[in-house]
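*Asks:* Sequence and predicted structure below; questions after.
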Amino acid sequence: MRNHRVFLAEVGDVEIIEPVESKPVKTRRTKKVDSSERVARELVRMARELTALRSMYDDIVTSTLRKLGRTDIDPRHAEAYLRLDFRTLDHLSRTRFLKEISRIIPIIDADPREAERLARSYGL
């Protein structure tokens, strides 16, 4: 058995999962699956859950950018700049959201590389 660790990024935490053994286990379909495959499947499941959480704001930002006629801007960039000013985006009304994104557009246009770096720093 190879000794390995898998790091899972959760909201604010890092969890270490270490398989106890690497013995094959039969699933319902009678296919043999070792512990590393189970860990990989769990990672995929968690990534889908995290993506679902992120897409809530992504949809709102995308629709707001469409209203402003700016489909060329990556919604992740706009969300990242919003997060610089607001801890959470839940309390923003549609009107305030539109106003804030309108304010952010020139900043994104001025330096798209910085916008991408900022988005990545937020995990977007």
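*Replies:* The structure has been received and is ready for your questions.
*Asks:* use CA for all of it now, contacts and neighbours both
*Replies:* Will do.
*Asks:* any idea which helix or strand comes after the longest helix seen in the chain?
*Replies:* When the chain is scanned for its longest helix (criterion: DSSP state H), the result is helix 35-67. Using DSSP states H and E, the helix or strand that directly follows helix 35-67 along the chain is helix 75-85.
*Asks:* what comes up buried for the helix or strand that comes right after that following helix?
*Replies:* Proceeding N to C from helix 75-85, the next assigned helix or strand is helix 94-110, under DSSP H and E. With burial defined by 16 or more other CA atoms under 10 Å, the residues of helix 94-110 counted as buried are 97, 98, 100, 101, 102, 104, 105, 108.
*Asks:* Kindly report the same for stretch 67-79.
*Replies:* Per 16+ other CA under 10 Å, stretch 67-79 contains these buried residues: 73, 74, 75, 76, 77, 78, 79.
*Asks:* which residues touch it?
*Replies:* Residues outside stretch 67-79 that contact it (CA atoms under 8 Å, 6 or more residues apart in numbering) are 57-58, 61-62, 65, 101-102, 104-105, 108, 115-116, 118-119, 124.
*Asks:* Could you list the low-pLDDT ranges of this structure?
*Replies:* 1-34, 50-55 (pLDDT under 70).
*Asks:* Start and end of stretch 59-76, how far apart?
*Replies:* End-to-end distance for stretch 59-76: 10 Å, by CA to CA, to the nearest Å.
*Asks:* Compute the distance between residue 87 and residue 80, please.
*Replies:* Applying CA to CA to residue 87 and residue 80 gives a distance of 11 Å.
*Asks:* If you could redo that for residue 111, that was the one I meant.
*Replies:* Distance of residue 111 to residue 80, given as CA to CA: 13 Å.
*Asks:* between these two, who's got more neighbours?
*Replies:* Taking neighbours as other CA atoms under 10 Å, residue 111 and residue 80 compare with residue 80 leading, 22 against 10.
*Asks:* how close does that one get to residue 44?
*Replies:* On the measure of CA to CA, residue 80 and residue 44 end up 24 Å apart.
*Asks:* burial measure for residue 81, as a count.
*Replies:* 21.
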